[in-house]
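Asker: Need the 3D shape of this:
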Amino acid sequence: MVTATRPTDAEVRRWRRHLADERSEAAIYRDLAQRRTGEERDILLALAAAESRHEQHWLRLLGDQVGKPVRSGIRTRLLGFLARHFGSLFILALVQRAESRSTYDVDVDATATMAADERIHEEVVRALAAQGRNRLSGSFRAAVFGANDGLVSNLALVLGISASGVPNHTVLVTGLAGLLAGALSMGAGEFVSVRSQRELLEASAPNPQADSAVPALDVDANELALVYRARGMSPEEADAHAADVLRTYASITPARPAGGGDEHAAVGTAFGAAVSSFCSFASGALIPVLPYLGGLQGRAALAVAATLVGIALLSTGVIVGLLSGGPPLRRALRQLLIGFGAAGITYLLGLLFGTAAG
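Answerer: Numbers count the residues shown, from 1 in each chain. Below you'll find the model as predicted:
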């Protein structure tokens with residue numbers, strides 16, 4: 001008779017950790033579902049049920065060695081806390097990233113089905129977060145761009161002016177002037193940019209009133225085929241498709257969002273982008289000026305300004321990374337290197353002009 005091999009202590013610890021993670025992830029999806037309604041709620045509950053199935057796998061392997069409940073990893077516990085108290089797009093982005101880090105595809109004790117489930121879960125959460133990302137992307141792009149521009153441009157301005165040897169009062173006034181001028185410029189630029197983009201998209205969208213002309217078209221002349229040819233179909237494909245439309249009086253335009261939704265939501269609104277850009281630039285540009293407002297001077301003021309801006313750049317990089325599903329640390333370091341690179345060049349130029357003037 002063949003006796004089952006008793007698992008090693010290391011295997012038991014790993015299985016218990018997987019069990020704890022599956023229980024926590026199921027709880028996260030249930031907590032998120034409580035803040036949703038309709039189809040989205042059903043999808044989140046289905047994900048929770050899938051995690052519960054994975055939980056049963058580890059329970060079967062552990063048998064009578066389940067032991068006391070093991071705490072899940074710190075990332076999973078943090079996600080659970082955030083899901084219970086917030087349940088926003090930010091949490092969905094974090095959950096998406098957590099699903100992408102699944103190790104089941106290399107874990108010999110996890111089934112191929114479980115590994116496939118985790119990959120699909122990542123795509124499901126990505127799709128759930130997509131609508132929120134689309135709504136956020138226009139204003140979020142303006143906010144991130146504005147904050148980084150304010151941080152980098154005003155730090156560079158303050159460093160360059162300070163390096164030239166001018167009095168502390170001049171540096172402060174210059175920094176405040178840069179804040180106001182840059183924020184107004186960014187706000188106005190974003191308004192014009194987004195407004196122009198939306199007008200171009202709206203001009204390219206099919207006219208919804210074209211439907212009413214379909215029943216009155218001359219079937220023999222078949223003007224409708226020209227519409228499809230203009231959209232890129234071959235003459236044969238256009239004729240066949242137009243014939244089908246004429247037979248059924250179907251719409252020649254894409255379905256419009258239900259409830260009067262905004263099909264250009266990803267672009268954002270011009271006013272929203274302008275306000276977001278103005279406020280974010282101003283808040284970013286204020287940070288390099290804070291040491292001078294506090295009365296610091298010389299190298300001490302420069303060091304504090306650079307430190308504060310560095311922290312802010314790292315923070316915005318982490319936020320962008322989390323919401324986009326990318327690596328937060330890499331995004332943060334990229335923001336920091338670009339910002340400090342630009343500011344460093346300006347500081348060197350300030351030293352050069354200060355020396356030349358002296």
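Asker: CA atoms for contacts and neighbours, from now on please.
Answerer: OK.
Asker: which parts of stretch 185-195 are buried?
Answerer: Within stretch 185-195, the residues scored as buried using 16 or more other Cα atoms under 10 Å are S185, M186, G187, A188, G189, E190, F191, V194, R195.
Asker: so which one among these has the lowest pLDDT?
Answerer: Lowest pLDDT among those: V194, with 70.
Asker: My guess is that one contacts S277. True?
Answerer: No - shown here, V194 and S277 do not form a contact pair, counting by Cα atoms under 8 Å, at 11.5 Å.
Asker: Name the SS class of G232, please.
Answerer: Judged by DSSP: H, G, I helix; E, B strand; the rest coil, the three-state class of G232 is coil.
Asker: Check it and give its pLDDT.
Answerer: Note on G232: pLDDT of 79.
Asker: For the stretch 251-358 of the chain, which segments count as helices?
Answerer: In the stretch 251-358 of the chain, the helices defined using DSSP state H, counting those that start in this stretch lie at 270-286, 290-293, 298-324, 328-357.
Asker: Give me whichever of those is most buried.
Answerer: helix 270-286 (a mean of 25; mean count of other Cα atoms under 10 Å).
Asker: Okay, angle between that one and helix 298-324 too, please.
Answerer: Here the directions of helix 270-286 and helix 298-324 differ by 140 degrees (axes from the mean of the first three to the mean of the last three Cα atoms, to 10 degrees).
Asker: other SSEs contacting helix 270-286?
Answerer: helix 112-163, helix 168-204 (3 or more Cα pairs under 8 Å, 6 or more residues apart in numbering; DSSP states H and E).
Asker: Also compute the angle for that helix relative to helix 168-204, please.
Answerer: 160 degrees.
Asker: Off-centre distance for helix 270-286?
Answerer: How far helix 270-286 lies from its chain's middle: 18 Å, per Cα atoms, centre = their mean, to the nearest Å.
Asker: Can you pull out the residues in contact with that helix?
Answerer: Defining contact as Cα atoms under 8 Å, 6 or more residues apart in numbering, one finds that helix 270-286 is touched by 138-140, 142-155, 175-176, 178-180, 182-184, 186-195.
Asker: Let me see the mean pLDDT of it.
Answerer: 84.
Asker: on that earlier part again, got a markdown table for the buried residues of stretch 185-195, with distance to M114 too?
Answerer: As requested, those are arranged in a markdown table below (distance: Cα to Cα, whole Å):
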| residue | distance to M114 |
| --- | --- |
| S185 | 52 |
| M186 | 48 |
| G187 | 49 |
| A188 | 51 |
| G189 | 49 |
| E190 | 46 |
| F191 | 48 |
| V194 | 44 |
| R195 | 47 |
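Asker: so where is the stretch 201-350 of the chain shaky, pLDDT-wise?
Answerer: By pLDDT under 70, the weakly predicted segments of the stretch 201-350 of the chain are 201-224, 227, 245-268, 322-326.
Asker: residues contacting the nearest residue to A26 once chain neighbours are set aside?
Answerer: Of all residues not flanking A26 in the chain, A48 sits nearest, at 4.2 Å (Cα to Cα, 6 or more residues apart in numbering). By Cα under 8 Å, 6+ apart, A48 lies in contact with E25, A26, A27, I28, Y29, R30.
Asker: how does it look with 10 Å?
Answerer: For A48, the contact set (Cα atoms under 10 Å, 6 or more residues apart in numbering) comprises 22-33, 42, 54.
Asker: As JSON lines, those with distance to L286, secondary structure and neighbour count would be great.
Answerer: JSON lines is the format used below for the contacts of A48 (distance: Cα to Cα, whole Å; DSSP: H, G, I helix; E, B strand; the rest coil; neighbours: other Cα atoms under 10 Å):
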{"residue": "E22", "distance to L286": "45", "secondary structure": "helix", "neighbour count": "23"}
{"residue": "R23", "distance to L286": "45", "secondary structure": "helix", "neighbour count": "21"}
{"residue": "S24", "distance to L286": "41", "secondary structure": "helix", "neighbour count": "23"}
{"residue": "E25", "distance to L286": "40", "secondary structure": "helix", "neighbour count": "25"}
{"residue": "A26", "distance to L286": "43", "secondary structure": "helix", "neighbour count": "24"}
{"residue": "A27", "distance to L286": "41", "secondary structure": "helix", "neighbour count": "20"}
{"residue": "I28", "distance to L286": "38", "secondary structure": "helix", "neighbour count": "26"}
{"residue": "Y29", "distance to L286": "39", "secondary structure": "helix", "neighbour count": "25"}
{"residue": "R30", "distance to L286": "41", "secondary structure": "helix", "neighbour count": "23"}
{"residue": "D31", "distance to L286": "38", "secondary structure": "helix", "neighbour count": "22"}
{"residue": "L32", "distance to L286": "36", "secondary structure": "helix", "neighbour count": "25"}
{"residue": "A33", "distance to L286": "40", "secondary structure": "helix", "neighbour count": "22"}
{"residue": "D42", "distance to L286": "45", "secondary structure": "helix", "neighbour count": "14"}
{"residue": "H54", "distance to L286": "50", "secondary structure": "helix", "neighbour count": "24"}
